[in-house]
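**Student:** return a 3D structure for these sequence lines:
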Amino acid sequence: SNYTEGPSLSAGSPSFWGGGPDTGSLVGFPGYHAPWEAEHAFDVRDSQNIVIEDCEADSVWGDGVYVGNSVSNPSDGVILRRLNLRFTGRQGIGAANCRNVVIDDVTVDHGRRAAIDLEPFSTTGFVTDVEIKNCDLFPRQVCR
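**Tutor:** All right, here's what the predicted structure looks like:
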């Protein structure tokens, strides 16, 4: 959905941006716009025993893969294998309130923020038993 694939958006493009040049939105990163940060390529919530493998995501506003949800109903037993995540508007992989996650042979190239963000989400939240192996992580797109 984020077809710009670049460090910034030109003035008035795309039309749904609201007009005007890209000013870095709320956090100072050009090409990122907070209202679309939850438009992930793969969104795993309240789920158990999920495998996502041999896939790629290119140019999305949100995360390449988001795993998690609430403390009372976390995601559990998620395997992310052989993924290529390129030009993500947020994290390559974002994880909040989840357990037993394997991230294996994943490439994150030109993510807007972190390559992998393990974020409990609240003072009672958690991210536990995460294994990261065989990954190529190039976390942040160069902004000019």
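
**Student:** need the helices for this structure, in chain order.
**Tutor:** Counting by DSSP state H, the chain has no helices to list.

**Student:** now do the strands in it.
**Tutor:** Along the chain, counting by DSSP state E, strands occupy 42-45, 48-60, 65-68, 75-88, 93-96, 98-109, 116-118, 127-133, 136-138.

**Student:** wait, Leu85 sits on His110?
**Tutor:** No: using CB atoms under 8 Å as the test, Leu85 is too far from His110 to be in contact (9.2 Å). The C-beta positions use only the backbone N, C-alpha and C, and glycine is treated the same way.

**Student:** so where's this protein shaky on pLDDT?
**Tutor:** Residues of the chain that meet the criterion pLDDT under 70 lie in 1-36, 139-144.

**Student:** report the central residue of it.
**Tutor:** Asp63 (1.8 Å; CA atoms, centre = their mean).

**Student:** show me what contacts it?
**Tutor:** His40, Ala41, Thr88, Arg90, Gln91, Gly92, Ile93, Gly94, Asp117 (CB atoms under 8 Å, 6 or more residues apart in numbering).

**Student:** coming back round to it: need the strands of the chain in a markdown table with mean neighbour count, can you?
**Tutor:** Output for the strands of the chain, formatted as a markdown table (neighbours: other CB atoms under 10 Å):
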| stretch | mean neighbour count |
| --- | --- |
| strand 42-45 | 18 |
| strand 48-60 | 14 |
| strand 65-68 | 28 |
| strand 75-88 | 21 |
| strand 93-96 | 26 |
| strand 98-109 | 20 |
| strand 116-118 | 21 |
| strand 127-133 | 14 |
| strand 136-138 | 14 |
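
**Student:** return the distance of stretch 86-95 from the chain's centre.
**Tutor:** Counting by CA atoms, centre = their mean, to the nearest Å, stretch 86-95 is centred 2 Å from the centre of its parent chain.

**Student:** actually, stretch 70-90.
**Tutor:** On CA atoms, centre = their mean, the centre of stretch 70-90 falls 8 Å from the chain's centre.

**Student:** coming back round to it: and which of the contacts of Asp63 is nearest Glu131?
**Tutor:** For the contacts of Asp63, the residue nearest Glu131 by CB to CB is Ile93; the value is 12.6 Å.
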